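Okay, here's the prediction I keep looking at, along with the sequence it came from:
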Amino acid sequence: MTSDYLPFHPNPKKPDFVVPPGAVDAHCHVFGPAAVFPFAPERKYTPVDAPKEKLFALRDHLGFTRNVIVQASCHGRDNRALADALIASRGLARGVAVLDPEIGDDDLAALDRAGVRAARFNFVKRLVDNTPKDVFRKVAERVTALGWHSVVYFEAADLDELMPFLAALPGTVVIDHMGRPDIDKGVEAPAFQQLIRFLDDNPNIWVKVSCPERLTVAGPPYDDVVPFGRALVARFPERVLWGTDWPHPNMKSHIPDDGALVDWIPRIAGTEALQRALLVDNPLRLYWPEEAGAAS
Ligand code: 0GY
């Protein structure tokens, strides 16, 4: 099967930035292998195989301890590759699934046992067909009863329309990739300031300061995205997460070097306290709450 975008970096550099002990890569994916876990017929792109063994090797190479693996649209609502990776991680990975709204209680419980801790709601139109918000809301209510949270992916232009839905979701809500701000417009742009006010008003909403490689206009080393990440980390130090987004589906401009992405972290989180919150304490609180107290 041929991928329709660039493959992931074959040989990322060893980062210069040494992540704190116990660091979590809180947004990455596993794809296939397609021969074992076929991609969804309704997918909008075909990825390269990015199996769990490669993800775990990258984790070790970059100096991370754990992963949060996020179900991507190319696997649709079939979470088998995700569950397989979580089980193989022996507790070192937790997951974010995309659920069939009709999923049975037994299948939901099996995902929970595998290590899934959140449901993802994707509103990015180039990636998924529309799902009514009411359907997502019911899924959120169901999974909240299991102690899971919600992860939401949307583009900056859709925030205004989505705010009432997001504010009404139960429990913790995590916004992917900084809400995909328009980097060209700068941090003072009304849309990014609206996101900040929205986070001010809703203390249950978290944000991933991830994907400079996807958001950048200038390209590596992603100087233009630094002010956005730094603003969010400074203002919401207890509600930010970071992830590589390996294997970078749909990257068409360039192949990011995952080691260079790790070197970007101290540019947005400049102190050891912020780095520890971003990479260890926050993800543990959300994905390994049973260990969070012990680790801090
Ligand atoms: C990401 C971003 C993308 C893809 C997906 O579910 C997905 O397919 O999230 C993207 O293309 O922006 O988080 O990997």
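That came in fine, so what should we check first?

give me phi/psi at the nearest residue to residue 70 once chain neighbours are set aside?
Nearest non-adjacent residue to residue 70, counting by Cβ to Cβ, 6 or more residues apart in numbering: residue 96, 4.4 Å away. All C-beta spots, glycine's among them, are computed from the backbone N, C-alpha and C. Phi and psi for residue 96, reported as degrees, to the nearest 10, are phi -120, psi 120.

For the ligand, give me its nearest residue in the stretch 151-296 of the chain.
Residue of the stretch 151-296 of the chain nearest the ligand, by Cβ to the nearest ligand atom: residue 250 (3.6 Å).

Who are the contact partners of the spatially closest residue to that residue that is not a sequence neighbour?
Nearest residue to residue 250 in three dimensions, chain neighbours excluded: residue 5, at 5.2 Å (Cβ to Cβ, 6+ apart). For residue 5, the contact set (Cβ atoms under 8 Å, 6 or more residues apart in numbering) comprises 45, 47, 249-252.

cool, residue 3 as well?
Here residue 3 is in contact with 46-48 (criterion: Cβ under 8 Å, 6+ apart).

If you count neighbours, what's buried in stretch 72-85?
Residues of stretch 72-85 classed as buried: 72-76, 78-79, 81-85 (neighbour count, 16 or more other Cβ atoms under 10 Å).

and it, average pLDDT?
Averaged over stretch 72-85, pLDDT sits at 98.

who's the residue nearest to residue 70 bridged to?
residue 70, residue 118 (DSSP bridges).

burial of it, as a residue count?
26 (other Cβ atoms under 10 Å).

I'd like to know how far it sits from the ligand.
Residue 96 sits 10 Å away from the ligand, taking Cβ to the nearest ligand atom, to the nearest Å as the criterion.

And the pLDDT for that residue?
Reported pLDDT for residue 96: 99.

ok now do it, which residues does it touch?
Contacts of residue 96 (Cβ under 8 Å, 6+ apart): 68-71, 116-120, 151.

Distance of residue 63 relative to the ligand?
Counting by Cβ to the nearest ligand atom, the gap from residue 63 to the ligand is 22 Å.

And for residue 4?
12 Å.

what helix or strand is the residue nearest to residue 288 when sequence neighbours are not counted on?
Counting by Cβ to Cβ, 6+ apart, residue 288 lies nearest to residue 94, which is 6.8 Å off, once chain neighbours are set aside. Applying DSSP states H and E as the criterion places residue 94 in strand 93-97.

Could you list the residues in contact with whatever helix or strand comes next after that strand?
Downstream of strand 93-97, the next assigned helix or strand under DSSP H and E is helix 105-114. Contacts of helix 105-114 with the rest of the structure, by Cβ under 8 Å, 6+ apart, involve 79, 82-83, 86-87, 95, 97, 99, 142-143, 146, 148.

quick one: average pLDDT of helix 105-114?
98.

Give me the buried stretch members for it, please.
In helix 105-114, counting by 16+ other Cβ under 10 Å, buried: 108, 111-112, 114.
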